[in-house]
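Undergrad: would you be able to build a 3D model of this:
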Amino acid sequence: MSNPKIYDAVLIGGGIMSATLASLIQQLEPSWSIKIIERLDDVAQESSNPWNNAGTGHSALCELNYTPEKDGKINVTKAIAINEQFQVSRQYWTSLLEQGLLKDTAEFINPVPHMTFVRGEENVDFLRRRYEALKDEPLFATMEFSDDPAKIFEWAPTLVVGRDKSEPIAATYVKQGSDVDFGALTRKLIQSSIDNGAVVRLGTEVVDLRRRPDGIWQIATRVRSGANRGRKNVTQARFVFVGAGGGALPLLQKSGIPEVKGYGGFPISGVFLRTDNPAVVAQHQAKVYGKASVGAPPMSVPHLDTRVVDGKTSLMFGPYAGFNTKYLKSGSLFDFFSTLRFGNIPTYISAGFKNLDLVVYLVKEVFASKKKRFKQLLQFYPEAKMEDWRLITAGQRVQVMKRGPEGKGGVLEMGTEVVAHSDGSIAGLLGASPGASVAVPVMINLLQKCFPEQYRDWEPKLRKLIPNLGDDLNASSAAANKSQNATAAALGIEKVS
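TA: Next up, the predicted model:
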């Protein structure tokens, strides 16, 4: 009897992170064997699905939570960092296009301006100061600001028509924004990986992770659908990536690695209002972000978005936050409880007390009526009609909770975080926003953390794929413009002037 195959890399989860990592590995180590395991019957059905996320093509052009204010000063550091990361993703996609590994860019990325819109004198003042803090940064140099309703009408008439003329309003506008369908991009990347030898198993759930004494990981699976439903199997791997979205935390806990101790996950569900009415859709061509309610998590910042999915344009507004104990949209109400451990219960308790405003906000959101939710849309779009819109259920997000400094207390993290074993043999990704848009730099960071010796040999290859990898693009207007224009031309989106 022959020995079972040992894969060089097994990636758990069929979303944008696994798709990106598989693509990168094949670029760097074409001979490596790769297997992707997805519990659902198709890839990109959870957070990577276009109707389960905002799909902004995060470049921090319009998201106010990336430019926090403290002591009267607006900090733009995070916004610049996220924009830099998105440029890395754009450069990598451009390299794949040049190789013919990606095609038909309009199927996954389209030009859509990015705007921020605020109401009230205090918010207008904040947005003006944010604009002043960003306008001289090379990656934000094309941003425009106006508190003139006539100018804002030119950018997005739906924001102005029917509004009380005495109400102070302001907006910023960046023509070079984009809308990304990460579901379509995921499918393209995974198909390219299959064409280059990767194995994909759909409808297959990972039920356990164990490591042999010789260091090989054993991944126990069970088929969830089809003729082989219930069949069990064990896949062996030298390296494991847990890119299962909300399902990553429980799987990392099953692996037994000490690095995940103390981590918890706070699940937040979401709902959007959506319209496909062509007459309504034609009136609004932008992604417009507002200011979050007090206590609202970053993923709940209200926005009125133009979305392009399967060649059709729609509008989405939301998300309206909710709460249930699932970690995945297709998950179980027991998900949250299954991750409770003696090591992370103090984290949950401490983080909960520190974020009581979030708890209050979620309770209010859960019990909000459709009429109350629609009133929030009217703040953006005064002439919206309820009959044109329908509620759709968005995906689940799991905010990372971890021990505070020096292991004391607990903190609620608002980003994404790579959790890796000390020997690099297994790693997983926890967290939510900005997520998909920065998948390429996040997965490169994971490779660097898990394969430090090989990474030295990979770096020259990566620099060919991503010419500005490791550079400070924002330090030079010439470099920033050159990079943005090169990728814009390849991806079919707006160039900078």
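
Undergrad: quick one: mean pLDDT for the helix or strand hosting Lys402?
TA: According to DSSP states H and E, Lys402 maps onto strand 397-403. Rounded to a whole number, the mean pLDDT of strand 397-403 is 79.

Undergrad: what packs against that strand?
TA: The elements that strand 397-403 packs onto, with contact taken as 3 or more C-beta pairs under 8 Å, 6 or more residues apart in numbering; DSSP states H and E, are strand 264-275, helix 345-354, strand 410-412, strand 416-420, strand 426-431. Placement of C-beta: from N, CA and C, glycine included.

Undergrad: wait, which of the ones you listed is closest to Val398?
TA: Counting by C-beta to C-beta, Val398 lies closest to strand 264-275 out of the helices and strands packed on strand 397-403; the figure is 4.0 Å.

Undergrad: and the next helix or strand past that closest one?
TA: Following strand 264-275 in sequence order, the next helix or strand is helix 278-281 (DSSP H and E).

Undergrad: and that next one, how far out from the chain middle?
TA: Averaging C-alpha coordinates over helix 278-281 and over its chain gives two centres that are 27 Å apart (C-alpha atoms, centre = their mean, to the nearest Å).

Undergrad: dig out what Thr275 forms beta bridges with.
TA: Each beta-bridge partner of Thr275 is listed here: Leu315, as defined by DSSP bridges.

Undergrad: tally of neighbours for it?
TA: A count of neighbours around Thr275, defined by other C-beta atoms under 10 Å, yields 21.

Undergrad: which residues in the chain form helices?
TA: 16-28, 77-99, 121-134, 149-155, 182-195, 248-255, 278-281, 335-338, 345-354, 356-366, 370-380, 439-450, 452-465, 477-491 (DSSP state H).

Undergrad: elements contacting the fourth one?
TA: When contacts are defined as 3+ C-beta pairs under 8 Å, 6+ apart, helix 149-155 packs onto strand 169-174.

Undergrad: CA atoms of the strand it packs on as CSV?
TA: What follows is strand 169-174 as a C-alpha-only set of coordinates in CSV (Å, rounded to 0.1, in the frame of the first residue of the first chain):
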residue,chain,number,x,y,z
ILE,A,169,-23.5,69.4,4.2
ALA,A,170,-20.1,68.6,2.8
ALA,A,171,-18.4,65.9,0.7
THR,A,172,-15.1,64.7,-0.6
TYR,A,173,-14.8,63.2,-4.0
VAL,A,174,-12.1,61.0,-5.6
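
Undergrad: what angle do helix 121-134 and that strand make with each other?
TA: Here strand 169-174 runs at 20 degrees with respect to helix 121-134, directions being taken by axes from the mean of the first three to the mean of the last three C-alpha atoms, to 10 degrees.

Undergrad: what about Leu159, how many residues nearby?
TA: Look at Leu159: counted by other C-beta under 10 Å, it has 24 neighbours.

Undergrad: residues near the closest residue in space to Phe337 that isn't next to it in sequence, how many?
TA: The spatially closest residue to Phe337, leaving aside those adjacent along the chain, is Thr325, at 6.6 Å (C-beta to C-beta, 6 or more residues apart in numbering). Thr325 is flanked by 15 other residues according to other C-beta under 10 Å.

Undergrad: and Thr325, its phi and psi?
TA: For Thr325, the backbone dihedrals are phi -100, psi 10 (criterion: degrees, to the nearest 10).

Undergrad: so for this structure, which residue is the most central one in space?
TA: Within the chain, one residue has its C-alpha closest to the average C-alpha position: by C-alpha atoms, centre = their mean, that is Gly435, at 2.5 Å.
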